[in-house]
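Enquirer: Predicted model follows, preceded by the sequence.
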Amino acid sequence: MKVIFNKVQRFDIFEPDFNEFTSNNTFDFDRHRVVVVYGPNGSGKSSLAAVLSKKEDEAEYSVSIDGTIFTNQQETPFHIINDQNGRNIISGNTEDFILGDNIKREYELKRNIESQFDVLFRTTLSGELKQQFGISTRTHPFVELVKVEKLREFISDLANQKSKGDNIDRKDFINTVKTLTVEAVPDYDPQKLQFFIDDWKAKGSAIKGILELNLATLKAEPQYLKIDESTVAIKVLTRFDYIDDCIVCDNPSIDRDSLIVKKQKVQEVVKTSLSDFTKKILEEVITSITGEDPFNIRETLLDAIKSGNINPVNQLITDIDFYRRVYSVKISNFFVENLNATSLEEESAEYENLTGGKPEFENEDIIFIEKFLNSCLDRKIELKRDDDNNLRLLLGDQEFLEKGREKLSLSNGEQNFLSLSFELLKAKKVVSELIVLDDPISSFDSIYKNKIAYAILKFLETKKSIVLTHNIDLIKLLEHQKQNSFRMYILNNTVGEVNGFIPLTPKEVEILIYIPKLINLFRSGIKEEIVNERLFAYALVPFMRGYCQIINHEQYKDELTNLMHGYKDQAVNVTHIYSDLFGPILQDVHIVTAQQLLEETIDDISILREDNYPLLNKTLVHSLTYLYLRMSVERALVKKYNINTDKFCKLTQIITESFRGAGQSEIENRMFFLSRKTLLNEFNHFEIDMNVFQPAIDITTATLRKEYDDISSRISAL
């Protein structure tokens, strides 16, 4: 994979070279899965991560990933893991971090089950209960037609527009419905069934009225026909009240009002003569039938009153009972068929099986997280279930996801380690193939650093990772975890310098990581790389002094120490010492005193060829500059203030003795030089750590140049 940057911009943080990126703009992963970008503090590492996260309006980028262009106007192709300041909260939920196959399947099943129930309850069942079965409210008149009590409860909750099944226990629903069987539905008349449903839910149901009749009291009462005749006559007289003639017999000038009164009196007389049973049929049953009558209820009942024959009514009741049964079977089948149309029964059984026991960390990554987290924290990370069977990651029985740092009762190191570990877990699951880690091991001790190096390589082994760092330890740990596991670049973002992502050759990465490789280079391969042998020899004086102290070569150590003190004048054969330590590499004899070394010009110099070892060349130039500044300060102060170097031989003593007074000038000078003691002194001592590269890659050439100018100006002013 090749990641080619065309533009990186954020406020005025990046130099113009980054705005139109044309060189040193490519991360070539080649066969590697990790790119390490080393950048000193202030070089823009966190700003680069911020730009790629696309969280700021003022940030812009354009990047080509294997030929596809992405800009800040699109979804970012990068997943960013922020530095410790951006990880105050471990964002996400349990599912974002748990990777075990069983647990992944459990979450998949849970989502599927919830999704299917949502559709089944809120759409399919509740909708069809209304459309197909006429049930649209929690309290409905079809209760007695549903034979299974649990099913009646389900129907009431499904028909409730507020809940739509929310109150139904899912497990109870499946267990109830799966005990039912699909029954064969006999042939029926759909028109009759629809009439049955519409009538049954009506307030004055004719069908319910029929079923409540005591047919034993039925007797022939043909006089009821007078009521029917009078009713029809009254309707005709009322309907055609604008005509004076009778519309039936054409008799002129009828007394319409008198006729209506006469017919009404006939009705009253006849009604008085009817039995209560017949009155009930006429007033409560027949009058409720206003539309189509597919059961022929009206005609059947009127004939029974006329003749006293109850057989047709019994047949009508049998027909109604048939449709009651059809309704009951269809609504029971409806639930069974809709459940069978889902995978709820099978998936719920599998889910129950998976959630039946104590949840365990099963995946290698999770096990490692648990083990190394729990071995480093006082409280244990555990995976538990809540009352709803949901998995929860807990720290000492307490929730820690989405909790602020101050609520976790952890040290900064513990919280950083915890948050980074879980960010790595989350990154493994994201869609993005490119993971950017901003300064992942800052503030960690060696044990934490080693585990994080392992985690980066292990957790993200299926991803491409861009690690932004200023920590040489991390680079070494990555190499020790897996040799040749990364490509390395130096981020440079300095006015007047070559900027961008400066690639390091594999040879240079080797000598950066392995001191023996660097020593071996000084013993042989360096010869062909040297372009200024004299300055090469001088630049290595501090390193050789530290090396001599480690191997206990007191004579050479003392000679080189004398040379490094700018106030001494002993001549030292640097060639001889180098040859004795590393071999006959130097062609010329370089015998030098402190005075002679300080007469060298160190502006715009190059010591090695830059095609193979650009970082080592920069390192040696910087080392020579540190040595030059140290010697200049010592020589100037000793000479100016006549310091007794037998008594005050160390740089700190010389500075303090030179500016002992309490005056403004003495205080300012003392603070100026002591505040630069690391640059002037510690960067010249390698016996503590033989890492020759650290100062060079931690300080840009421009920054060092400014320090050089400031110190030189101060010395001149003295």
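Expert: In hand now; what should we look at? Residues are numbered from 1 along each chain as shown.

Enquirer: Only C-alpha atoms from now on, for both contacts and neighbour counts.
Expert: Noted.

Enquirer: domain parsing for the chain?
Expert: Taking automatic domain parsing as the criterion, the chain consists of the domains 2-92+415-503, 103-187+329-352, 223-268, 514-717.

Enquirer: Would you mind finding the most buried of these?
Expert: Neighbour counts (mean count of other C-alpha atoms under 10 Å) averaged over each of the domains of the chain peak at domain 2-92+415-503, with a mean of 19.

Enquirer: Can you tell me which of the domains of the chain is nearest to Ser307?
Expert: Each of the domains of the chain has some distance to Ser307 by C-alpha to C-alpha; the shortest is domain 223-268, at 10.9 Å.

Enquirer: nearest to Lys384, of the domains of the chain?
Expert: domain 103-187+329-352 (11.8 Å).

Enquirer: what pLDDT, on average, does the closest one get?
Expert: Mean per-residue pLDDT for domain 103-187+329-352: 93.

Enquirer: Out of the domains of the chain, the one nearest Ala304 is which?
Expert: For the domains of the chain, proximity to Ala304 was assessed by C-alpha to C-alpha; domain 223-268 is nearest, at 11.3 Å.

Enquirer: so how far is Ala427 from Glu106?
Expert: Per C-alpha to C-alpha, to the nearest Å, Glu106 is found 20 Å from Ala427.

Enquirer: Please apply the same query to Asp438.
Expert: Distance, Asp438 to Ala427, using C-alpha to C-alpha: 13 Å.

Enquirer: anything in contact with each of the two?
Expert: With contacts taken as C-alpha atoms under 8 Å, 6 or more residues apart in numbering, Asp438 and Ala427 have Ile81 as neighbours in common.

Enquirer: Can you get me the start-to-end distance on stretch 140-153?
Expert: End-to-end distance for stretch 140-153: 11 Å, by C-alpha to C-alpha.

Enquirer: where's it relative to the chain centroid, distance-wise?
Expert: On the basis of C-alpha atoms, centre = their mean, to the nearest Å, stretch 140-153 sits 46 Å off its chain's mean C-alpha point.

Enquirer: try stretch 371-382
Expert: 23 Å.

Enquirer: Have a look at the protein and report its longest helix.
Expert: The residue-count maximum for a helix in the chain (DSSP state H) belongs to helix 311-340.

Enquirer: still on that earlier bit, worst mean pLDDT among the domains of the chain?
Expert: When these are compared on mean pLDDT, domain 223-268 scores lowest, with a mean of 70.

Enquirer: ok now stretch 16-35, how far from the chain's centre?
Expert: Between the mean C-alpha location of stretch 16-35 and the chain-wide mean there is a distance of 27 Å, by C-alpha atoms, centre = their mean.

Enquirer: about what we covered before: for the domains of the chain, give me JSON lines that also has distance to Thr287.
Expert: Supplementary listing: those in JSON lines, determined by distance: least, C-alpha to C-alpha, whole Å:
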{"stretch": "domain 2-92+415-503", "distance to Thr287": "66"}
{"stretch": "domain 103-187+329-352", "distance to Thr287": "21"}
{"stretch": "domain 223-268", "distance to Thr287": "12"}
{"stretch": "domain 514-717", "distance to Thr287": "100"}
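
Enquirer: tally of neighbours for Gln194?
Expert: Other residues near Gln194 come to 17 when the count uses other C-alpha atoms under 10 Å.

Enquirer: so it sits in a helix?
Expert: Yes. With the criterion set as DSSP: H, G, I helix; E, B strand; the rest coil, the secondary structure at Gln194 is a helix.

Enquirer: for the closest residue in space to Pro40 that isn't next to it in sequence, what are its contacts?
Expert: Across the structure, with C-alpha to C-alpha, 6 or more residues apart in numbering as the measure, the residue nearest Pro40 apart from its sequence neighbours is Asp698 (4.6 Å). Contacts for Asp698 were tallied using C-alpha under 8 Å, 6+ apart; they are 39-41, 470.

Enquirer: Against Met488, how distant is Asp698?
Expert: Using C-alpha to C-alpha, we find Asp698 at a distance of 15 Å from Met488.

Enquirer: likewise Phe29?
Expert: Applying C-alpha to C-alpha, the value for Phe29 to Met488 is 10 Å.

Enquirer: between those two, what contacts are shared?
Expert: With contacts taken as C-alpha under 8 Å, 6+ apart, Phe29 and Met488 have Val35 as neighbours in common.
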